[in-house]
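S.K.: just to be clear, the model below is a prediction. Sequence and coordinates:
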Amino acid sequence: MEYKLRKAEPRDVPDILRLVKELAKYEEMEHQVTLTEKELLEDGFGDTPFYHCIITEIQGQNSSEDPKVVGFAMYYFTYDPWVGKQLYLEEFYVMDEYRGLGIGSGILRHLSNLAMKTRCTGMMFVVAENNEPSVQFYKRRGAEDLSQEEGWRLFRFDKDSLVKMAAPSEE
Amino acid sequence: MDFSIRAANLDDCKDIARMIMELAEYEKVSDHVKVTQKDLEQDGFSKNPFFHGIIAEVPEQHKTKEGHTKIGYALYFYSYSSWSGRAIYMEDLYVMPEFRGKGVGKALMSKVAQLGLAAGCHQLNFTVLNWNKPSMDFYLSQGCFDVTATMDYHCMRCEGEALKHLAQL
């Protein structure tokens, strides 16, 4: 099966959102996706992109058929003041029926190459501890669980708490 | 106590590097710090910065024994949630021990929140060590929640040999 890995373009936004929702469904969090195609377009393909995206497409049976987007990765660059630039893998997904064909490994290989080319010292991401298949997939490839080994916990302020914190103090 | 909060500039990198080291010492991992003042200057203040900084400063009359007036900082960058869009990530938040308990940490975090909201962000994320109870209590009192506890998310990293190997598979 022929598949092609390439940089996402504005026309890919509907497929990106489709795959984001599919992954959220796999994690049983579909209702949490509030992102729209308009935001994805503005945030990924405007003057200052907040994210970058690569997609994998498969050529259809006949040459007249449009290629089908079956996998993607969304990433951006972050900074660790101790060791410098990092590549942060925000989202990484291959459609169920196209797994086991090396598409996921191909995406990771491309991103690791990119990380090294851009002088990143590491590639970071989060994974749900109970997602056994994914945890094993990453650990087999040498990823370390920083939450387990060093005790890091991810904290978050959502929109309402953010607004409260941004308000000027009463003092 | 009088203090001011402002955006960091190139000249602040010396003090930021000093305070990064102090924070690493507090977290008991100072040997992990490889980033230098020069790296900070290049990575934070060139055409495409990888991070932004905020500095907390006190007037001359409150300077430390060693003569420092820059007594706290926060480092942040913009990130993205595939579920909710634009987000801001607070990488470091630090106030020198003798200046704690006076609202400096709160003011730094408030500034990061303001900048995030102004840029259209829907969440502010950061990590904290599980043994750092004073910090965890502070953050929880400000209204955040522990994503690792509630959603079971673990922070993972692939670096060094593992990253090289992954690039060759």
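M.R.: Nice, thanks for sending it over. Residues are numbered from 1 along each chain as shown, chains lettered A, B, ... in the order given.

S.K.: ok and the residue in chain B nearest chain A?
M.R.: Per CB to the nearest CB, the residue of chain B with the smallest distance to chain A is B:Ala162, at 2.7 Å. For the C-beta atoms, the positions are set from N, CA and C on the backbone; glycine is no exception.

S.K.: got a list of what residue 36 touches?
M.R.: Here I'm looking at chain A. For A:Thr36, the contact set (CB atoms under 8 Å, 6 or more residues apart in numbering or on different chains) comprises A:Leu17.

S.K.: please go with chain B instead
M.R.: Applying CB under 8 Å, 6+ apart to B:Thr36 gives the contacts B:Ala17.

S.K.: tell me where chain A has helices.
M.R.: Using DSSP state H, the helices found in chain A span residues A:13-26, A:37-45, A:103-117, A:132-140, A:146-150, A:159-166.

S.K.: before we move on, back to that, shouldn't the residue of chain B closest to chain A be within a helix?
M.R.: Yes: under DSSP: H, G, I helix; E, B strand; the rest coil, B:Ala162 falls within a helix.

S.K.: surely A:Tyr76 is in contact with B:Ser79?
M.R.: Yes: look at A:Tyr76 against B:Ser79 with CB atoms under 8 Å: they come within range, at 5.9 Å.

S.K.: find the residues that touch each one of the two.
M.R.: Common contacts of A:Tyr76 and B:Ser79 (CB under 8 Å, 6+ apart): A:Phe50, A:Tyr88, A:Glu90.

S.K.: contacting residues for the residue lying closest to A:Tyr93 once chain neighbours are set aside?
M.R.: In this structure, A:Tyr93 finds its nearest non-sequential neighbour in A:Leu23, 4.2 Å apart by CB to CB, 6 or more residues apart in numbering or on different chains. For A:Leu23, the contact set (CB under 8 Å, 6+ apart) comprises A:Glu91, A:Tyr93, B:Ser82.

S.K.: now the helices of chain A in TSV, with mean pLDDT and distance to B:Phe145?
M.R.: Formatted as TSV, the helices of chain A follow (pLDDT from 0 to 100; distance: least, CB to CB, whole Å):
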stretch	mean pLDDT	distance to B:Phe145
helix A:13-26	94	19
helix A:37-45	96	23
helix A:103-117	92	29
helix A:132-140	88	23
helix A:146-150	88	16
helix A:159-166	85	8
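
S.K.: out of the ones you listed, which comes closest to A:Gly60?
M.R.: For the helices of chain A, proximity to A:Gly60 was assessed by CB to CB; helix A:13-26 is nearest, at 14.3 Å.

S.K.: now the residue nearest to A:Tyr93: how far from B:Arg86?
M.R.: 19 Å (CB to CB, to the nearest Å).
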